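*Asks:* Output the structure for:
(one chain, ligands or ions: 1)
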Amino acid sequence: MCVEKTPWEQVIDFHGHTCPEISVGFRVAQIAMRELGIRPTPSSELTVTANTHSCALDAFQILNRATYGRGNLLVNETKEHVYHFQYTGTSEGILISIRPELLEHLAEAHIHTSAREKQNKYLEAIQFILGTEETQFCALQKV
Ligand SMILES: [Zn+2]
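*Replies:* Model (predicted):
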């Protein structure tokens, strides 16, 4: 029997491991799709610009079909978890900024002394990232 993989499984498979940043990307990618809706014309492409390089980018490659190879996934490094999504040929995009409190939680997940502790902290952070209220997760802005 063939069971289709969930979007989360597809992202984790592609990315190669489970980590807090990929869960940030997973959530951001879904919010962007919801806010922007379906592509306006068959030829328009979703362009994603991230303001920091992190594991989160791989979620956009799978869920938003914005790939590094095709040039519609860009990084403009300012060390901020801010993500811009826009369809080509449209005048309005969306800016998604991760809340500073959430980033503190993310930083805490990287402080650990043992492999087991690391795993526990990662799982805790991922649950928090995926489960917290959207208003606590990020700020949305039409641009
Ligand atoms: Zn990762």
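
*Asks:* where along the chain do the helices fall?
*Replies:* 7-15, 20-36, 57-63, 100-108, 115-131, 134-137 (DSSP state H).

*Asks:* Just the buried residues of the fifth one, please?
*Replies:* Looking back up the chat, that one is helix 115-131. Going by neighbour count (16 or more other C-beta atoms under 10 Å), the buried part of helix 115-131 is 121-122, 125-126, 128-129. Every residue, glycine included, has its C-beta placed from N, CA and C.

*Asks:* Turn the residues you listed into TSV, including distance to the ion.
*Replies:* Shown next, in TSV, are the buried residues of helix 115-131 (distance: C-beta to the ion, whole Å):
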residue	distance to the ion
121	14
122	10
125	12
126	11
128	16
129	12
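
*Asks:* just to revisit the earlier point, pick out the shakiest of the helices of the chain, pLDDT-wise.
*Replies:* Per-stretch mean pLDDT for the helices of the chain is lowest at helix 100-108 (a mean of 89).

*Asks:* Let me know whether that helix sits next to the ion.
*Replies:* No - using C-beta under 5 Å from the ion, helix 100-108 stays clear of the ion, with a minimum separation of 11.7 Å.

*Asks:* What are the contacting residues of that helix?
*Replies:* With contact meaning C-beta atoms under 8 Å, 6 or more residues apart in numbering, helix 100-108 is reached by 20-21, 24, 81, 121, 125, 128-129, 132, 136-138.

*Asks:* Go again with 10 Å.
*Replies:* Residues outside helix 100-108 that contact it (C-beta atoms under 10 Å, 6 or more residues apart in numbering) are 19-21, 23-24, 27, 54, 80-81, 98-99, 121, 124-125, 128-129, 132, 136-138.

*Asks:* Restrict that helix to CA atoms and write it as CSV.
*Replies:* Provided in CSV are the C-alpha atoms of helix 100-108 (Å, rounded to 0.1, in the frame of the first residue of the first chain):
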residue,chain,number,x,y,z
PRO,A,100,11.6,38.2,19.1
GLU,A,101,10.2,36.1,22.0
LEU,A,102,9.9,33.2,19.7
LEU,A,103,13.5,33.6,18.6
GLU,A,104,14.6,33.6,22.3
HIS,A,105,12.9,30.3,22.6
LEU,A,106,14.7,29.1,19.5
ALA,A,107,18.1,30.2,20.9
GLU,A,108,17.4,28.4,24.2
